[in-house]
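Enquirer: below are the sequence and a predicted model; questions follow.
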Amino acid sequence: MTALEVSPDAQTPAFWPPQPESLDGLDILPMLVQDLFVRTVREQGQSSIGSVRERLKLPHMVLEPVFRQLRQQAYLDVKGMQGNDYYFGLTAAGKLLAAERASICSYAGPAPVSLAAYERAVRQQAAHVQVSRDSLRQALGDLVLPDPLLDQLGPALISQKALFLYGPTGNGKTSLAERLLRVYRDAVLIPYALEISSYIITLFDPVLHRPLAAQPDDLDARWVLCHRPSVAAGGELVSEMLELRSDASSGIYSAPLQMKANNGILVIDDFGRQVISPRDLLNRWIVPLDRRVDYLTLHHGQKLCVPFEVMVVFATNLDPSELADEAFLRRIHNKIYVEPVSEPCFQEILARALGQRQMSCDAQTAAYFVELCLRHGDALKACYPADLCDILLWRSQYEGRPPQVTGAELDRAAELYFTRT
C-alpha cells in the first residue's frame, strides 16, 4: 500500500449514516423534500421517480410518498409507466408551485443533511495520526528531508494543530505542505449540501474532494466517502473566500474554504502575500484555531456555529514577527524553520533531478554544480537542481541535440537563471 492509498481497514469512518427508510426518518423537513422534488421535475421537464431518486440521492421508500402526495394535490401529470416506474411532468398548478419555490431557492441537487448531522460527522471524524520518523520518510519519500526536520514535523502532525512553516524561499515549504495529506490512511464522509434554517449550503466540491472509487451500497447517498481533503490558497485568497457566499439569483450558499477543508488540511501558501492582510486573516481565525469552532453569517444576519476540525498550514518566506503578533503566534504551537539544504541533501536532490530527466554527470561536475549555486546564490536551495536541469533540457531541445551536463553548459544555464548583481 502506498502513502496515498486508503487502508482497507480504515474505509469505514467513525460516523456512518445508514440509508433513510422513510420520509419521517430524514433529518430535514418533509416540505424541503417536496420542494426539491418539484424543482427537479421542473428542470428535467419529463421525469420519473428513478430519475428524481438519482438526482436527490434519496431512496424510493422516501420519495414514493412525496410522489403520491404531489399527485393527489394535482401537481404532477402522470404520462404512463416506464417498466415499474412512473413517467410524469408538472401540471399547470405544479409549474406555478415549482416556480414559486425556485424564486426562494432554486437548488435542485442532492438532498441536504442537517447542521446537527454535519457537526456530528466532523467531530467523530477528527483526524488521529500516528507517525514515526520511518513512516514519515516513507510518506514523503519523493522529497529529500533531513532527520531533524522530520523529527519536528512528526509531533506537529500528531497534534493536528496549526503549523507554521517558514524560512528562505526555494527550500520546499510548499512541496512539503502539499504532501502532508499523505500521512492520513483513512476516509471521511462529506455531505453534498447542508440545510440550515431552510437555506441550502453546498459543501461537496468535485474540484477539491476526491471520492473513493467504490461508494458503499449501505451508505446514505447524501454523503460521499472521500479521501481526507487538502485545500490550498495562495495570493488569490480574499476575505470573501472565508465566509458563506450567497448567490442572490439562486438563493444558494457556497461553503467557505475552511469548511470544505474540514477533517483535512488547509494550506495558506505564500502567507503574507494575499490580498487580505495577514493581520485580518489571523484575527479572523484566532477563535477557530483556539476553540475548534467557526462562526459564519447568513445574508440576513443569522449567526451559525460550525465545526473547525482542520489542520491549517501556513507557509511563508517572510519574517513571522512581521506577519503576526505574539498573541497569535502563541496559538500556533508548531513553528518549523525550513532551512537551506545541506550539501549532502543538495547532492541527493541533484541526483534525483538528473535521474528523473534521464541525465547524468560525473562527480567533478556535480561538485561544480554546488560551487556554481553557492557563487550565484547566498545558500544552497532545494529548487536549484530541478530548475537548472530543466534549463539544460530546454536549451538542448532548442539546439537540436542531446542534453549535456558539463561545466560550460551549467554556466550558460546559470546565466539564464540567476539575476545579475
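Expert: Yep, that arrived.
Enquirer: heading C-terminal from the least confident helix or strand in the chain by mean pLDDT, find the next helix or strand.
Expert: The helix or strand of the chain with the poorest confidence is helix 326-331; it has a mean of 79 (mean pLDDT, DSSP states H and E). For helix 326-331, the succeeding helix or strand toward the C-terminus, using DSSP states H and E, is strand 334-337.
Enquirer: partner strands of that next one and their direction?
Expert: strand 163-166 (parallel) (DSSP bridges).
Enquirer: what distance do you get for residue 160 to residue 337?
Expert: As judged by Cβ to Cβ, to the nearest Å, residue 160 and residue 337 stand 21 Å apart. Using the backbone N, CA and C atoms, a C-beta is placed for each residue, glycine as well.
Enquirer: and for residue 324?
Expert: 15 Å.
Enquirer: so between these two, which is more surrounded?
Expert: Taking other Cβ atoms under 10 Å, residue 324 and residue 337 do not tie; residue 324 has more neighbours (22 against 14).
Enquirer: just checking, that one touches residue 278?
Expert: Yes: between residue 324 and residue 278 there is a contact under Cβ atoms under 8 Å: 6.4 Å.
Enquirer: okay, and the common contacts of those two?
Expert: Common contact partners of residue 324 and residue 278 (Cβ atoms under 8 Å, 6 or more residues apart in numbering): none.
Enquirer: what mean pLDDT does stretch 194-203 get?
Expert: For stretch 194-203, mean pLDDT rounds to 92.
Enquirer: and it, end to end?
Expert: 7 Å (Cα to Cα, to the nearest Å).
Enquirer: tell me how far stretch 261-278 is from the chain's mean position?
Expert: 12 Å (Cα atoms, centre = their mean, to the nearest Å).
Enquirer: list the buried residues in that stretch.
Expert: 261-272, 274, 276, 278 (16 or more other Cβ atoms under 10 Å).
Enquirer: of those, which is the nearest to residue 79?
Expert: Nearest to residue 79 among those is residue 262, at 43.4 Å by Cβ to Cβ.
Enquirer: ok, the closest one touching residue 311?
Expert: No: Residue 262 lies out of contact with residue 311 (Cβ under 8 Å); the separation is 10.3 Å.
Enquirer: which neighbours do these two share?
Expert: Counting by Cβ under 8 Å, 6+ apart, residue 262 and residue 311 have no contacts in common.
Enquirer: residue contacts, residue 314?
Expert: Residues in contact with residue 314 (Cβ under 8 Å, 6+ apart) are 162, 163, 164, 165, 166, 268, 271, 332.
Enquirer: a markdown table for those residues, including distance to residue 390 and pLDDT?
Expert: Formatted as a markdown table, the contacts of residue 314 follow (distance: Cβ to Cβ, whole Å; pLDDT from 0 to 100):
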| residue | distance to residue 390 | pLDDT |
| --- | --- | --- |
| 162 | 34 | 92 |
| 163 | 30 | 94 |
| 164 | 30 | 93 |
| 165 | 24 | 95 |
| 166 | 27 | 94 |
| 268 | 27 | 94 |
| 271 | 27 | 90 |
| 332 | 35 | 86 |
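Enquirer: what's the local residue count around residue 31?
Expert: Count around residue 31 with other Cβ under 10 Å applied: 10.
Enquirer: element containing it?
Expert: helix 30-44.
Enquirer: and residue 99, how far is that from residue 399?
Expert: 66 Å.
Enquirer: looking at those two, which has the bigger crowd around it?
Expert: residue 99 (14 against 10).
Enquirer: pLDDT score assigned to the closest residue to the more buried one other than its chain neighbours?
Expert: What sits nearest to residue 99 in space, not counting adjacent residues and going by Cβ to Cβ, 6 or more residues apart in numbering, is residue 42, at 7.4 Å. Confidence at residue 42, expressed as pLDDT, is 95.
Enquirer: domain ranges for this structure?
Expert: Per automatic domain parsing, the structural domains of the chain span 29-109, 117-127+158-337, 343-417.
Enquirer: would you tell me which of those domains gets closest to residue 21?
Expert: Using Cβ to Cβ, the domains of the chain put domain 29-109 closest to residue 21, at 6.0 Å.
Enquirer: any idea how far that closest one is from the chain center?
Expert: 33 Å.
Enquirer: look at that domain and report the distance between its end residues.
Expert: Domain 29-109 has its terminal residues 16 Å apart, counting by Cα to Cα.
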